[in-house]
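> heads up, no residue letters with this:
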């Protein structure tokens, strides 16, 4: 009797083991969500794609260079602009071999360790904050103003940033040190696409020549045209799409090489947009809105976010048309209303009480000129000059809303300085309460970087005059 | 990767002629010293052309554009020293994909504007001092860095144009402000990994 009982227990145990192993096998090979195997929680920069281990690791999980390639694939562009003063190539030079023993600057994971969120600050940095000292311990000899500074103060707001250390260099601080809080020429730049289409080699010029279209040129299949509402026709006709020759088929047809297998898509996704807006879509897929799509995961939903989001939209999938509204493509909607339909944090909710919003309303009503209003997108998806390839630079809307967000002084040059003086911009971004209330008021903090640059400049001018 | 010398295929379009004037035979290897000298000759010639035919011509003679350390913000030409450094960084990046090519080079000075470009290793310190004290002579040695042995060559970098000298003398971060044309202002350090 006892033997039979033992045998049964064995069968149950083996059965459970088989089920468990099958679950592990399925999770490892077929399931999108592999978080069961995750050794620790991910930082806010990666948590959305953590379900897919392969987004960062290669299949062997042992190749450090493969992980490095993954980092660069998503973050490489941001390291180039405006100027990377610590490129990897500087550290592959044998003369810096001793420095690598202190900080292995060849690999991102040296300073950005994942799966240990308790070590990471809000920028994702896990390295001790005194890392600059390994190479720059004698900085006070060149910059007397830096004498007696705290070892962990290098990256304070408005000062140094390892990846773009030269964005706020001394001469730049001097050049802009006496600017007013609000510039007389406060306008955001115009974006460029139609004006440079001829130079964009990847644009499908042959298929969609740049000529204005009217309703009679609509090239949707007859059975689709019959069902198309007048609103949709009207919306399309009033967009830039119709004005520059982007017909129904531009978005709705998935093209094949021989055209025979071309398929009409009723609800095209980002893969349709990328045909003409490749820079914008690739930026979108680098940011939190689109990074899951880049990894071939299901689209991001507000439910995936760690920031507060509105309950009623938590399960809406995010693609290009979530913000841009198909056919209508009203940029004003995409610049404010789309953002506020999901985001529910204090900063977002305070926007409509801000002077930025007042300016935006005045621009919308025609009271102020184009480019003088400040929408959510003005700051978080700014119009920036981007080298879209080695030969062409154009002003595009940066659709990676994380590109200038962390550390926040990255926003100073790309955004704030279109309208504000440098000193005001630095101080404002250092004031946490001002950020929360969406810049209602003036900064209560003062960062001394410009003061130091001014003194340094005065000393230099005095030296020259004494020679 | 370890090389006692870099192999140059004579079937290629370019051949390297030794100092004696002899032409290498097919399959020959080029001694590291000759290789370093050849690399330096290319680097120095390119930089000289950039300085004379592009920067000095357009900035000083034609007066149509500026050259600036902050070339991006100032919409200006990159300085010759920056052009040299960018080339060095690009070589590092591209050489990674070429298994038979392994060398590095940098521009350094005993009086650097950026202190990160001061000599660090004993070979660099000795070499820069040697080429400054012995005009027209190069410095060759071997050193071990990060567990790898290198053939290290140092070549003088001389102020050839008035603009080189005046810019360095006036820069707010310069430790020396009395350079004259023809002075050795720094040096090019070339390293090639060797066995041993």
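Ah, there it is. Computed from a predicted model, the values in this text were never measured in an experiment.

> tell me the contacts of residue A:32?
Residue A:32 sits next to A:51, A:52, A:297, A:298 when contact means CB atoms under 8 Å, 6 or more residues apart in numbering or on different chains. Backbone N, C-alpha and C define where each C-beta goes, glycine included.

> now do residue B:179
Per CB under 8 Å, 6+ apart, neighbours of residue B:179: B:159, B:164, B:165, B:168, B:169, B:185.

> mind redoing it with 10 Å?
Counting by CB atoms under 10 Å, 6 or more residues apart in numbering or on different chains, residue B:179 touches B:111, B:159, B:164, B:165, B:166, B:167, B:168, B:169, B:185.

> near chain A, from those?
Contacts with chain A within these, as defined by CB under 10 Å from any CB of the partner chain: residue B:169.

> mind putting the contacts of residue B:179 in JSON lines, secondary structure and neighbour count included?
Below are those laid out as JSON lines (DSSP: H, G, I helix; E, B strand; the rest coil; neighbours: other CB atoms under 10 Å in any protein chain shown):
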{"residue": "B:111", "secondary structure": "coil", "neighbour count": "17"}
{"residue": "B:159", "secondary structure": "coil", "neighbour count": "20"}
{"residue": "B:164", "secondary structure": "helix", "neighbour count": "22"}
{"residue": "B:165", "secondary structure": "helix", "neighbour count": "18"}
{"residue": "B:166", "secondary structure": "helix", "neighbour count": "13"}
{"residue": "B:167", "secondary structure": "helix", "neighbour count": "19"}
{"residue": "B:168", "secondary structure": "helix", "neighbour count": "22"}
{"residue": "B:169", "secondary structure": "helix", "neighbour count": "15"}
{"residue": "B:185", "secondary structure": "strand", "neighbour count": "23"}
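
> quick one: which two of the contacts of residue B:179 are the most distant?
Using CB to CB, these span at most 14.8 Å, a distance reached by B:111 and B:166.

> how many neighbours does the residue of the stretch 301-450 of chain A at minimum distance from chain B have?
Of all residues in the stretch 301-450 of chain A, residue A:413 sits closest to chain B, at 9.2 Å by CB to the nearest CB. When counting by other CB atoms under 10 Å in any protein chain shown, one arrives at 22 neighbours for residue A:413.

> average pLDDT for the helix or strand hosting it?
Element membership of residue A:413 [criterion: DSSP states H and E] is helix A:410-414. Helix A:410-414 shows a mean pLDDT of 91.

> next secondary structure after that helix?
Going down the chain from helix A:410-414, the next helix or strand is helix A:422-429, by DSSP H and E.

> does that next one reach chain B?
No. Interface with chain B: helix A:422-429 contributes nothing (CB under 10 Å from any CB), its closest point being 12.5 Å away.

> next: stretch A:146-158.
No. Shown here: stretch A:146-158 not in contact with chain B (CB under 10 Å from any CB), separated by at least 12.7 Å.

> just the mean pLDDT for that stretch, thanks.
Stretch A:146-158 shows a mean pLDDT of 78.

> burial count for residue 33?
Using chain A. 10.

> correction: the question concerned chain B.
15.

> also the one 10 residues further on?
Residues contacting residue B:43 under the criterion other CB under 10 Å number 19.

> once you drop chain neighbours, what's closest to residue 46?
I went with chain A, as the question did not name one. Using CB to CB, 6 or more residues apart in numbering or on different chains and skipping the chain neighbours, the partner closest in space to residue A:46 is residue A:114 (6.4 Å).

> sorry, I should have been clearer: chain B.
For residue B:46, the spatially nearest residue (CB to CB, 6+ apart) is residue B:87, at 7.6 Å.

> helix, strand, or coil at the one you found?
Of the three states, residue B:87 takes helix under DSSP: H, G, I helix; E, B strand; the rest coil.

> who touches residue A:159 in this structure?
Residue A:159 makes contacts with A:146, A:149, A:153, A:165, A:168, A:173, A:409, A:426, A:430, A:447-449, A:452, as judged by CB under 10 Å, 6+ apart.
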